[in-house]
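> Got a sequence here, can you model it:
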Amino acid sequence: LGWIQNKIPQMPITNFHRDWKDGKALGALVDNCAPGLCPDWETWDPNQPVENAREAMQQADDWLGVPQVIAPEEIVDPNVDEHSVMTYLSQFPKAKLKPGAPLRSKQLNPKKAKAYGPGIEPQGNIVLKPAQFTVETIEAGLGEVLVYVEDPEGHTEEARVVANNDKNRTYSVTYVPKVAGLHKVTVLFAGQNIDKSPFMVNVSMALGDSNKVSARGPGLEPVGNVANKPTYFDIYTAGAGAGDVGVVIVDPQGRRDTVEVILEDKGDSIFRCTYRPILEGPHTIYVTFAGAQIPKSPFPVNISEACNPNACRATGRGLQPKGIRVKEVADFKVFTKGAGSGELKVLIKGPKGGEEPVKVREVGDGVFECDYYPVVPGKYTVTITWGGYAIPRSPFEVLVSEDAGAQKVRAWGPGLETGVVGKSADFVVEAIGTEVGTLGFSIEGPSQAKIECDDKGDGSCDVRYWPTEPGDYAVHVICDDEDIKDSPFMAHILPAANDIFPEKVKAFGPGLEPTGCIVNKPAEFTIDARGAGKAELRIYAQDAEGLPIDIQITDNGDNTFLCVYVPTKPIKHTIIITWGEVNIPNSPFRVNIGEGSHPENVKVYGPGVEKTGLKANEPT
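All right, here's what the predicted structure looks like:
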């Protein structure tokens, strides 16, 4: 059986009965023992088994000397006795071809030759690298194999074909492409195209050396790139040979398809890679050349949240259009929370165009405190940028005035520092000398605010305004058309609080009465905030000379407070009481401190009070 299988590899012979039933196996055996005796056995009709077997056995009997020890009708019967078949077939290994045999050339079938191997694959072959493939001809008959390769420029050359002399009659073919591009590989058997010939083969340039490629640019920096803002880097391939540049960006979720990459050939072996990351967080950038990673790849790049300068805001006295005077600290704050990542830059130009020094301190939670100290009057320009972009309302123009000089009035009180939306913010304006001048008020801030002024007839007035939006308000106190010293005052107005009731706070006691308190005697009063909610008590107090009054506050633990102060001068004392940053009813309290009577300061002298020397019945 093994000898027969080697002799007719085209036929899958595994037994001595079923595999012989169509007679074709006998034709193949005879033709392989004596090529040309049954050259056309492949085209025999399997539905005529007896005729096929008779033709083969007759030729073997006549020209190979193999007697017919079994009839053609028997050998094609699937139920034939295997021993009979083996006895007949066992004569073939010793058979010899007699002279004068009528050998005919086989009918050739070039389409049954087939080619396989990398050298005829559409992709993967490289310039100057041998391309190899195999041609198998066992089913095509006996014929010559020729291979021609035509390159993209039209040059044709013959490939090297080597017969392997194996049982499948294979040939090894080799050619070396000289140029890149589409090659036509024509495989001929006996002068005709075999199955699937010609083959179209795309030859690539020789693979370059990725180790000679470098990449650099802002888009590969570990930090400094932000979400939703395009960034780029350049890839330098000079001297690295031929190859494709590839960039893959993996986002923080491990996905490779969220960041779009645009590669642009800039010439001179430089490729510009532009990308716009969407997510913030760690990204990984893989850069390849000719299919291999370049040195330092992958590059770790941390993307910060997008820079949003419109979410920044700046506020403070030092940004107000007017009111600042020379030789005063002009301060302001910049709030950058929610504005993403960026660098804060503050540039201040003075009246002469020169740059002014400015101090910037980061105090946490995205807040920066800034101040400058103008020494020359005139127009100052404050430019504030975040991540290179101007924040809202920048640049700010600030007109700095001369020294304040002698002041006619002063202003103080809670409404110049703070307040609450929907409640009045109150403060006091007092004359410093006898002359008051013409008073005026203006308020600039997130909302318009109604202003009321109540003249007390004692050289002072109570001022109230009603802010309707939270935020920072500039409160200008004007005297004779000029801001007074420290004006504008910056008041930080808080959102409305619905659990605090300043109007329910009562304050009473001799220490708040208009008269009755005297110098150097403790003056007491009580604050009852029961039912007013949980809030902070604050007391603002000054005497008529503008000096603060020290008031001792004792918390009784039940939202009542005992307050004591000791006046040292017989002048007016003004006391403002706030609950939750809002003035309480009847405040401000104005207390006129009396001289009081001081018997210890009365001296008595004269002869009438001498211990001795008095005479009875004599006036003294």
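> G422 against A496, yeah?
Yes. Counting by Cβ atoms under 8 Å, G422 does reach A496; the two are 4.7 Å apart. Heads up, the C-betas are built off the backbone N, CA and C, glycines and all.
> Next one: T612 from P619, what distance?
Per Cβ to Cβ, to the nearest Å, T612 is found 17 Å from P619.
> swap in I194?
I194 is 166 Å from P619, by Cβ to Cβ.
> Neighbour count: those two, which is higher?
I194 (25 against 5; other Cβ atoms under 10 Å).
> On the pLDDT front, check the nearest residue to that one once chain neighbours are set aside for me.
Leaving aside its chain neighbours, I194 sits nearest to A113 (4.0 Å; criterion: Cβ to Cβ, 6 or more residues apart in numbering). On the pLDDT scale, A113 is placed at 93.
> my guess is A113 contacts E144, does it?
No. A113 is not in contact with E144 according to Cβ under 8 Å; the separation is 11.1 Å.
> any common contacting residues for these two?
In terms of Cβ atoms under 8 Å, 6 or more residues apart in numbering, A113 and E144 are both contacted by the residues F189.
> Between the two, which is the more surrounded one?
Using other Cβ under 10 Å as the criterion, A113 and E144 rank with A113 on top: 28 against 12.
> for that one, what are its contacts?
V135, E136, T137, E139, A140, V145, V187, F189, I194, D195 are the contacts of A113 under Cβ under 8 Å, 6+ apart.
> could you redo the last one with a cut-off of 6 Å?
Applying Cβ atoms under 6 Å, 6 or more residues apart in numbering, one finds that A113 lies in contact with T137, A140, F189, I194.
> Give me the neighbour count for K129.
By other Cβ under 10 Å, 14 other residues sit near K129.
> tell me which element it falls in.
Counting by DSSP states H and E, no helix or strand carries K129.
> and it, backbone torsions?
Torsion angles at K129 (phi, psi; degrees, to the nearest 10) stand at phi -110, psi 130.
> From V50, how far out is it?
56 Å.
> Over to V185?
45 Å.
> so where's the stretch 51-200 of the chain uncertain?
Applying pLDDT under 70 to the stretch 51-200 of the chain flags the ranges 105-106.
> I figured K114 was touching E136, is that so?
Yes. Counting by Cβ atoms under 6 Å, E136 is a contact partner of K114 at 5.4 Å.
> Check the residue nearest the centre of the chain and give its pLDDT.
In the chain, the centroid-proximal residue (Cα atoms, centre = their mean) is E280; its distance is 2.6 Å. The model reports E280 with a pLDDT of 88.
> what's near enough to touch W41?
K24, G27, A28, D31.
> Please, which helix or strand holds the last one?
Using DSSP H and E, D31 sits within helix 24-33.
> Residues touching that helix, excluding its own?
With Cβ under 6 Å, 6+ apart, helix 24-33 has contacts from 7-8, 11, 19, 37-38, 41, 44, 52-53, 56, 59-60, 92, 95.
> what angle sits between the next helix or strand after that helix and helix 24-33?
Toward the C-terminus, helix 24-33 is succeeded by helix 49-63 as the next helix or strand (DSSP H and E). Orientation of helix 49-63 against helix 24-33 (axes from the mean of the first three to the mean of the last three Cα atoms, to 10 degrees) gives an angle of 30 degrees.
> what's the next secondary structure element after helix 49-63?
helix 72-75.
> how about the nearest residue to C312 once chain neighbours are set aside, phi and psi?
Using Cβ to Cβ, 6+ apart and skipping the chain neighbours, the partner closest in space to C312 is I391 (4.0 Å). Main-chain torsions, I391, degrees, to the nearest 10: phi -80, psi 170.
> just T288 next, same as before
The phi/psi pair for T288 (degrees, to the nearest 10) reads phi -120, psi 150.
> Quick check: it vs K379, distance?
Going from T288 to K379 by Cβ to Cβ gives 57 Å.
> for E82, same thing?
118 Å.
> Now the strand or helix carrying I577: average pLDDT?
Counting by DSSP H and E, the element that carries I577 is strand 572-579. For strand 572-579, the mean pLDDT works out to 96.
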